[in-house]
Every structure is written in structure tokens, then in C-alpha cells.
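Student: Okay, structure incoming, though there's no sequence with it:
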């Protein structure tokens, strides 16, 4: 499945440069102090001929140029100034080099500073989705969201998770941490997020994340995974969760429908009715051959939602006014209890 890579917003890049500037702020302040103290010392101890025509700014400039080994004046006579003229360039070189090394190791090495980078990016996002948990379910949710072009930020509690490196390789912002920490989801732009999807394998973690998210942003959409089906229904009503799903409740209909018929692609429960997507092959003797999708619906009392041509994968994009041919397959949306009757009508 082709997955859309994440593009870094321009605003995030600007924020990151500001973050780098903050890392260097202490060193910049030290350079400024050396420059100011050096300029004052030069004016106070310099010989009249050495400081003639110099104001405080010009004296500071002379000291500043020494930081980068660009002397604009000769060696002064005063011993204090001579020591300063020899030590300031060395001190400046160490300060600049140490600052550049810190930026290089801290910022350019993504593995050391990825959390800060992601938090800065998150401040520029709007209507994004925060996905908590990157297990087997979470990773498949991530793939579906990225395929549909949504911006997603992931929180995973283990750096050694099976899908962590795969998500990072696809450019997905991913933070390793405990999502139950309210400050963490706040830092990921919860106030401006469209939805929080909590799908870890721990019901209590999902519940706590959902409650924290609702407290911070009362209007955010909550989607939660729960193993206990009965508890899921009660919590959904009690805490106004928009969608709460039990893994067993979702998978049970599919297993049951697949056991009843090998041509079932998917299943879910709609109220008290178990619904399924059923594939029916069109043979030369099938009464469905030569009929359009609307005619097939009238004949079988079931809507046509997809089509398969030969060995091609099924698709929902097809001409519904085109008569169907032998060798094709139509995919219907039907109640499981009616599968046998629908297949009998399809055989004629």
C-alpha cells in the first residue's frame, strides 16, 4: 500500500531554527559580554594614540573582530590589553566551536532530538489526528489514515515496538512516551487536533487518554479501542465517547460470516442484524449476466457495492449502467441470514 510521506510545514522549520537559536543563546550572551567588557577595558587602559577617535561602539568592534582572528589594530602597549588580545581570539574560537558542535549533535542528529522536533512541528498542525498506540491495530489505523491524506502524530510507549521504525521511515511524527501524561498530549497540539484515537492493548490506558483529551478539548472527537464489549458500551454512554470499539465485537461477526460462506469479504453488526459483503461469481448461465447494477439490485434485493473483473482486485469504481458479463463477480451488501436465498436467486 502506497503511504503518503509527511511534508514538514514551513512554520515548523522556522520554529526549529528558533529552537536552535535558544540552544546557542548562552554562548551568544558570553560573546556579547566579552565584547562589551573588552571594549570598556580598551577605552580605559589604551594609550591615547591607540584609542584616539574611538568611541565605545568602535572599541567593542575592535574586540569583536579579535574573536574571529581579524585584528583591525596593532598590539597595544598595556600588558592587560596584550593578554586580552591573545586570549580573546582563543576564547572566541572555543565558544563558537562548542556551540556548533552542540547544534550538530543535538539538532542534526534526529535520534537525539526527535521529541523536541516533533513537538515544534505539532504546534503548527491544525485538524490533525493523535494516534495513541502503534501495535498491530494501531499501525493498520495509521496506514489507512495516511492513505487518505490525513496528518497523524503517533504516541507509542516502547521505542522497540515492531512498527516504530517503519512509521519513522515513512516520515510520521512519533513520540516515545506515556500518553497518560496529560502534558504530553497537550504538547502535540491537542487543542487544535480533530480526533484522538486510543488503540493500545490496555483498556485503562485508552480510557485515561480519552478522559484527559476530553478535559483539555471538550469538542475533540474520541475514538477508543476496548476489549470488554459490555464495558465499552457503558463507557461510551457515560463519557460521551464518539466511537468506542471492542476488538472481539468487531472480529466476531467476520469470523462467523466467513464460517458460513467463503465468499464473504467483511462483516459487521448493524443494530441486531449481522451484515456482510458477499461476492457472487457470474457464470454463463447466471441470470445476472447482461444486467446493470440497478437491475441486479432489484432482482436480488441487495445493493451492488463492488465489482471484480477476472483476477483483478475488487473495486467500488465501475460503471453502474454497464451490463455485467460472464467471468465477472459482483459484490453485494447483504444480511448474513439472507445469503443462502440471495445466492439461490443469483443462480436462477
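Tutor: Cool, got the structure. If you're wondering where the values come from, they're calculated on a predicted model, not measured in any experiment.
Student: all contacts plus neighbour counts: C-alpha atoms, from now on.
Tutor: Noted.
Student: Secondary structure element holding the nearest residue to residue 55 once chain neighbours are set aside?
Tutor: Across the structure, with CA to CA, 6 or more residues apart in numbering as the measure, the residue nearest residue 55 apart from its sequence neighbours is residue 43 (8.0 Å). In the assignment (DSSP states H and E), residue 43 maps to helix 25-45.
Student: Counting by contacts, list what that helix packs against.
Tutor: Counting contacts by 3 or more CA pairs under 8 Å, 6 or more residues apart in numbering; DSSP states H and E, the secondary-structure elements packed against helix 25-45 are helix 56-67, helix 79-103.
Student: least reliable of these going by mean pLDDT?
Tutor: Mean pLDDT across those is lowest at helix 79-103; the value there is a mean of 79.
Student: which of the residues in that one are buried?
Tutor: Residues of helix 79-103 classed as buried: 81, 84, 85, 88, 89, 91, 92, 93, 95, 96, 99, 103 (neighbour count, 16 or more other CA atoms under 10 Å).
Student: Pull the distance from that helix to the chain's centre.
Tutor: The offset between the C-alpha centroid of helix 79-103 and the centroid of the whole chain comes to 43 Å, using CA atoms, centre = their mean, to the nearest Å.
Student: packing partners for that helix?
Tutor: Secondary-structure packing of helix 79-103 (3+ CA pairs under 8 Å, 6+ apart): helix 25-45, helix 56-67.
Student: from what I can see residue 159 touches residue 176, true?
Tutor: Yes. At 6.0 Å, residue 159 and residue 176 qualify as touching, with contact defined as CA atoms under 8 Å.
Student: So if I had to pick from these two, which one is more boxed in?
Tutor: Shown here are residue 159 and residue 176; by other CA atoms under 10 Å, residue 176 has more neighbours (16 against 13).
Student: beta partners of the more buried one?
Tutor: Beta-bridge pairing for residue 176 (DSSP bridges): residue 156.
Student: Quick check, it in contact with residue 160.
Tutor: No. Taking contact to mean CA under 8 Å, the distance of 9.7 Å between residue 176 and residue 160 leaves them out of contact.
Student: residues touching the spatially most central residue of the chain, list them.
Tutor: Among the residues of the chain, residue 153 comes closest to the average C-alpha position under CA atoms, centre = their mean, at 2.4 Å. Contact partners of residue 153, counting by CA atoms under 8 Å, 6 or more residues apart in numbering, are 122, 128, 129, 130, 131, 172, 173, 174, 175, 188.
Student: Quick check: closest non-adjacent residue to residue 279.
Tutor: Taking CA to CA, 6+ apart, and ignoring the residues beside it in sequence, residue 279 has residue 331 as its nearest neighbour in space, at 4.3 Å.
Student: Tell me which of the helices and strands packed on helix 25-45 lies nearest to residue 342.
Tutor: Relative to residue 342, the nearest member of those by CA to CA is helix 79-103, separated by 67.8 Å.
Student: Show me the contact partners of that closest one.
Tutor: Counting contacts by CA under 8 Å, 6+ apart, the residues touching helix 79-103 from outside are 20, 23-24, 27, 31, 34, 38, 41-42, 45-46, 63, 66-69, 75-76.
Student: Might one say that residue 331 is in contact with residue 309?
Tutor: No. The pair formed by residue 331 and residue 309 falls short of the contact definition of CA under 8 Å, at 11.2 Å.
Student: Who has more neighbours out of the two?
Tutor: Set side by side, residue 331 and residue 309 give different neighbour counts by other CA under 10 Å, the larger being at residue 331 (24 against 16).
Student: domains for this structure, by residue range?
Tutor: 10-112, 125-246, 261-347 (automatic domain parsing).
Student: how long is the shortest one from one end to the other?
Tutor: Between the start and the finish of domain 261-347 there is a gap of 16 Å, counting by CA to CA, to the nearest Å.
Student: Show me the helices in this protein, by range?
Tutor: Assigned helices in the chain, in chain order: 10-23, 25-45, 48-51, 56-67, 79-103, 110-122, 136-147, 164-169, 182-187, 203-216, 229-238, 247-260, 293-300, 339-347 (criterion: DSSP state H).
Student: Would you mind putting those into a markdown table with distance to residue 223 alongside?
Tutor: Output for the helices of the chain, formatted as a markdown table (distance: least, CA to CA, whole Å):
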| stretch | distance to residue 223 |
| --- | --- |
| helix 10-23 | 27 |
| helix 25-45 | 42 |
| helix 48-51 | 73 |
| helix 56-67 | 58 |
| helix 79-103 | 39 |
| helix 110-122 | 20 |
| helix 136-147 | 11 |
| helix 164-169 | 21 |
| helix 182-187 | 15 |
| helix 203-216 | 8 |
| helix 229-238 | 10 |
| helix 247-260 | 13 |
| helix 293-300 | 34 |
| helix 339-347 | 32 |
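Student: Among these, which comes closest to residue 285?
Tutor: Closest to residue 285 of these is helix 339-347 (CA to CA; 7.7 Å).
Student: got the angle between the closest one and helix 293-300?
Tutor: Here helix 339-347 runs at 120 degrees with respect to helix 293-300, directions being taken by axes from the mean of the first three to the mean of the last three CA atoms, to 10 degrees.
Student: Just the mean pLDDT for helix 339-347, thanks.
Tutor: The predicted confidence, averaged over helix 339-347, sits at 89.
Student: Any regions of the stretch 151-300 of the chain where pLDDT drops low?
Tutor: Along the stretch 151-300 of the chain, segments meeting pLDDT under 70 span 229, 232-244, 246-250, 252, 254, 260.
Student: for the stretch 1-150 of the chain, same thing?
Tutor: In the stretch 1-150 of the chain (pLDDT under 70), the answer is 1-20, 22-23, 71-72, 100, 102-117.
Student: Having no further points to raise, I will conclude here.
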